[in-house]
Structures are given as structure tokens and as C-alpha cells.
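Asks: With the input below, show me the fold.
(chains A and B)
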Amino acid sequence: GEDVEQSLFLSVREGDSSVINCTYTDSSSTYLYWYKQEPGAGLQLLTYIFSNMDMKQDQRLTVLLNKKDKHLSLRIADTQTGDSAIYFCAESPRGYNKLIFGAGTRLAVHP
Amino acid sequence: NAGVTQTPKFQVLKTGQSMTLQCAQDMNHEYMSWYRQDPGMGLRLIHYSVGAGITDQGEVPNGYNVSRSTTEDFPLRPLSAAPSQTSVYFCASSSAGTGNYEQYFGPGTRLTVT
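Replies: Predicted structure coming up:
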């Protein structure tokens, strides 16, 4: 079946690194995504990784993919208060024109 | 480009009433989708469309109707509003492209059914 799981809450101190974890079930997923939702807004694509990659780095963001364990993580370096948001992991099972979302991880950044 | 637009931003309905949640995109995307977002449950797919004239059911389609008469528009209609349909609704669009289903989201419509 299709299922994406994330922990619901993460609290970090400003300046520290944040690591948000996600597990997914569909090994056919070609792309895996991280979306960010700020309060009262829609979802914005942060980054995505193709399934034949292990790692992708984009400025302060690092995505790690472990296909064997079906585990995806998002690391945010030097976390700032502006990074406070809900982060959603999503997969796109092959052959389906849709995304399967996790429940979202609320990241709280405190001074 | 305006991207994906949704109207209204807020709507309050009484049980049994009906209305239409509007969604439009100006990116000439083939795929459009409707999701609902409930606390602690992430986004769940209601209906989606792979092109004008074609719609299909998602994970939670019951109680909703959609149509896709043009590429640009994908309205969602709760058939007879129920309190269980109180939620935030997001419309999204994406290009068929190369299998990358990156979706562009609208700002959402908050629907309250009393």
C-alpha cells in the first residue's frame, strides 16, 4: 500500500541543524519531495530527489535517500526562525499522477 | 503568471447547502488536483484530472463532484455540505513532463460547515 510517515513535531534552537525524517512504502516512487507550508499559506516545493540519487544538496538543505530502508531525510543547516513551518514529505508512485503526502512535521525554532 | 488561484479564501455553509470552490491555473498544466488538509492527517487527494474532459477519484472522493471543461479551470463542489467537510482545501497543478509530478499549490480555501 501507499503510506508516508513522519514525526509530527520537532523543536530546535536557532543556529542548530534540523533533521526531519520520513519513511515511505512504495519502492516504485521515482521522485520524492519535500514541501514547506508556512502559516495560512499553501504548500511550496522546497526540493526533490530522484530515486537513483543518494544525496542532494541545495544551499542550506541536504536531502538523504536510503532506498533500501525507504527512508528520506531533510537536513536544514543553521536553522533560522524563518524556517518555522510544517514540512511535508511526499512520494509519487510510478504510474500514478499524484503525490502521497505524509502528515507533516511542525518545525519550531526557538532562540 | 498568477500561478494557481483559488476563490473564495473563506466560506461558511450550513449543512445541506452547496457551493463551488473555484481553482484556476495559467501555466497550461495538464494535471490538476484537489486535496483537503485536516489537522494531523496531511493532505488527502479528493479528485484529480489529467486533462480537459477527464477526471478521476482520489483517496477521499465521496461527497464531492468535479469537472474539467477547460485546461485552466478545475472547480470542486461539495454535493450537500456536511460538518465532516469542514477543512482547508488546496488545489494543485502540474505538468505531465518527464514523470516529475512537482505540484504547484494554490493558497487554499477554508470551508466551515455548521
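Asks: show me the residues around residue 103 that make contact.
Replies: In the absence of a named chain, chain A is used. By C-beta atoms under 8 Å, 6 or more residues apart in numbering or on different chains, the contact set of residue A:103 is A:5, A:6, A:8, B:40, B:41, B:42. Every C-beta, even on glycine, is put in place using the N, C-alpha and C of the backbone.
Asks: was after chain B, sorry
Replies: Counting by C-beta under 8 Å, 6+ apart, the residues that residue B:103 touches are A:43, A:45, A:99, B:31, B:33, B:92, B:93, B:94.
Asks: where does it land on pLDDT?
Replies: According to the model's per-residue confidence, residue B:103 sits at a pLDDT of 84.
Asks: what's the closest non-adjacent residue to the residue nearest the centre of chain B?
Replies: What sits nearest the mean C-alpha location of chain B, by C-alpha atoms, centre = their mean, is residue B:34, with 2.8 Å. Once its chain neighbours are removed from consideration, residue B:34 has its nearest residue in residue B:46; the separation is 4.4 Å (C-beta to C-beta, 6 or more residues apart in numbering or on different chains).
Asks: Quote the end-to-end distance of stretch A:13-20.
Replies: Distance between the boundary residues of stretch A:13-20 (C-alpha to C-alpha, to the nearest Å) amounts to 14 Å.
Asks: And the average pLDDT for it is what?
Replies: What stretch A:13-20 shows for mean pLDDT is 97.
Asks: ok now it, how far from the chain's centre?
Replies: Between the mean C-alpha point of stretch A:13-20 and the mean C-alpha point of its chain there is a distance of 14 Å (C-alpha atoms, centre = their mean, to the nearest Å).
Asks: Check stretch B:39-50 too.
Replies: On the basis of C-alpha atoms, centre = their mean, the separation between the geometric centre of stretch B:39-50 and that of its chain is 8 Å.
Asks: got the CA positions of it in PDB?
Replies: Coordinates of each C-alpha in stretch B:39-50 appear next as PDB, following Å, rounded to 0.1, in the frame of the first residue of the first chain:
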ATOM      1  CA  PRO B  39      -5.000  18.500  11.400                       C
ATOM      2  CA  GLY B  40      -2.600  15.700  11.900                       C
ATOM      3  CA  MET B  41      -3.600  14.000   8.600                       C
ATOM      4  CA  GLY B  42      -1.500  15.800   6.000                       C
ATOM      5  CA  LEU B  43      -3.100  16.200   2.600                       C
ATOM      6  CA  ARG B  44      -5.600  13.700   1.200                       C
ATOM      7  CA  LEU B  45      -6.400  13.600  -2.500                       C
ATOM      8  CA  ILE B  46     -10.100  14.100  -3.300                       C
ATOM      9  CA  HIS B  47     -10.200  14.200  -7.100                       C
ATOM     10  CA  TYR B  48      -7.800  14.800  -9.900                       C
ATOM     11  CA  SER B  49      -7.700  15.400 -13.600                       C
ATOM     12  CA  VAL B  50      -5.100  14.500 -16.200                       C
END
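Asks: circling back to that earlier point, following the helix or strand harbouring the residue nearest to residue B:34, which helix or strand comes up?
Replies: Following DSSP states H and E, the helix or strand that holds residue B:46 is strand B:43-51. The element immediately downstream of strand B:43-51 (helix or strand, assigned by DSSP H and E) is strand B:54-57.
Asks: so what secondary structure elements neighbour that next one?
Replies: Contacts defined by 3 or more C-beta pairs under 8 Å, 6 or more residues apart in numbering or on different chains; DSSP states H and E place strand B:54-57 against strand B:43-51.
Asks: related to what we said a few turns ago, neighbouring contacts of the strand holding residue B:46?
Replies: Outside strand B:43-51, the residues that touch it by C-beta under 8 Å, 6+ apart are A:43, A:88, A:97-99, A:101, B:30-38, B:55-61, B:64, B:66, B:68, B:71, B:74, B:76, B:89-90, B:96.
Asks: With that, I have no additional questions.
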